[in-house]
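Enquirer: please find the sequence and the predicted model below.
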Amino acid sequence: MKCLLKYFFIIAASILVLWIVSKSVFWYHNYRIVQEESRRRVAAIAEVLARRQQTEMGDDKVDPFGEDDVVRILLIGLDNRAEQEYGHCDAIQMIEINRAQKNVLITAVPRGTYSPLPVGFMTTSTDYYVSNSCALGGLEYGVANIEHILKKDADYIITVGFSEVYGILRASELPTTETLQWLRNRQGYTIGEPQRAHNHSTFLKQFLISFVANQEFSSIDRAWHYILYKMVQTDLTFDQSEKIIRELADMQLSEHPENIQLTMKPVYKVTDILYDPKTIDEHLEATIGQIAKLLPEEDYTNLTNEEVQTKLVQTINDKKENPAFTKWAFENELWWQVEDGQKRDFIRWDFLTMYINDQPIEEQQAILADYILEMEHLGKEEWLEKGKNLLLQVIDK
């Protein structure tokens, strides 16, 4: 009997050992598969990101400055509306950076400046202004008219939409709604539009002094620059924009603000109004607060910020299944107008996932790579992982 029990335990122990060994082999095999898949995923994502960074941030040998050591950049704020082929040129600023003399000249062109318009449109005598030349003739036609007014040609062009301005303000930790109101305010001044155009110049001057002066150009700065770079449309490469910023930083503009001069074409008598985030509410109340109720709705809605946000989110929810609206919203980065951070992230993700479905594989990878780089810099782990997982799905197609 004891012998039988002995054999039974030996057999049972052998079976148990075999089971453990087989399980261990199976577990190790699966572990290797999982590890190899994990390494493949990491490598695949890293390859796409590296390729994107090389394309966008690679060392560009082209010096953006001309033989005269000057670079002229035409900055245009576009008012792009849904279902509109072209946008109005609502903010026009020529920025001339002189590397040799270490100074900057910013020239504003008021949007109401006279300009010819392309033939074939039903226009009246009051329509002939430069903002309309962009809206009716397209950006290239508008730029040609702007250069004619300035009597100078631009070396490079930067355009930025209304939503992207929100994004730039958020990334710069500036008040969004109040700053936009400050930049758009013309009804609060006797001279109107020319003062608003000059205010755009003073804002740019303050931005250069506050955010460009004495930059140390760490990897964090570079990542922040790239996020801002992707918010605008420009024929400057990222490396060229970095070279320009370095030259501006070397000018130590915070110590020498007088080296940034402001002018206007055509010339108007305007006032230098300092942009100060700390006193912006008081300025808005003093200039537009008393006349807000007298303005037409197209100039001032008189809605509270909460009402505007509710209306915006409702519009997005109502129209997000419309492919044409989704395309326009993604390309114009509409989500930046949403104040609530969580809602903004979800809305952006919805637009992204719907938009990329109609794009070629390479463009899908580029869009997702930029998204991942931004989420990584912002420390948004949840959205970073979502972006990586979606990128892997695109890679595996």
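Expert: That came in fine, so what should we check first?
Enquirer: who's in contact with the spatially most central residue of the chain?
Expert: Among the residues of the chain, the one closest to the centroid is residue 231, at 1.8 Å (CA atoms, centre = their mean). Under the criterion of CB atoms under 8 Å, 6 or more residues apart in numbering, the contact list for residue 231 reads 160, 164, 167-168, 171, 333. In short, each C-beta sits where N, CA and C put it, glycine included.
Enquirer: ok, these vs residue 106, which is closest?
Expert: residue 160 (15.4 Å; CB to CB).
Enquirer: what about residue 80, distance to residue 371?
Expert: From residue 80 across to residue 371, the span is 21 Å (CB to CB, to the nearest Å).
Enquirer: those two: which is more packed in?
Expert: residue 371 (22 against 18; other CB atoms under 10 Å).
Enquirer: now do the contacts for the more buried one.
Expert: 352, 383, 387.
Enquirer: tell me the pLDDT at it?
Expert: Residue 371 carries a pLDDT value of 93.
Enquirer: now swap in residue 121 and tell me
Expert: 70.
Enquirer: my read: it touches residue 135, true?
Expert: No: with contacts defined as CB atoms under 8 Å, residue 121 does not count as touching residue 135, sitting 9.7 Å away.
Enquirer: where do the helices sit along the chain?
Expert: Secondary structure of the chain (DSSP state H): helices located at 2-57, 130-137, 139-150, 162-171, 176-184, 193-211, 219-231, 238-250, 280-284, 305-319, 323-331, 341-356, 361-378, 381-395.
Enquirer: any chance of the contacts of residue 371 in TSV, plus neighbour count, distance to residue 377 and pLDDT?
Expert: Below are those laid out as TSV (neighbours: other CB atoms under 10 Å; distance: CB to CB, whole Å; pLDDT from 0 to 100):
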residue	neighbour count	distance to residue 377	pLDDT
352	20	17	95
383	19	12	94
387	24	12	93
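Enquirer: can you redo these as CSV with distance to residue 104?
Expert: What follows is the contacts of residue 371, written out as CSV (distance: CB to CB, whole Å):
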residue, distance to residue 104
352, 36
383, 37
387, 37
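Enquirer: picking up where we left off before, for the helices of the chain, which one sits closest to residue 268?
Expert: Distance to residue 268, taken as CB to CB, is lowest for helix 193-211 among these, at 3.8 Å.
Enquirer: quick revisit: as a markdown table, the contacts of residue 231 with neighbour count and distance to residue 211 would be great.
Expert: Converted to a markdown table, these look like this (neighbours: other CB atoms under 10 Å; distance: CB to CB, whole Å):
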| residue | neighbour count | distance to residue 211 |
| --- | --- | --- |
| 160 | 20 | 15 |
| 164 | 22 | 16 |
| 167 | 22 | 15 |
| 168 | 18 | 10 |
| 171 | 17 | 10 |
| 333 | 20 | 20 |
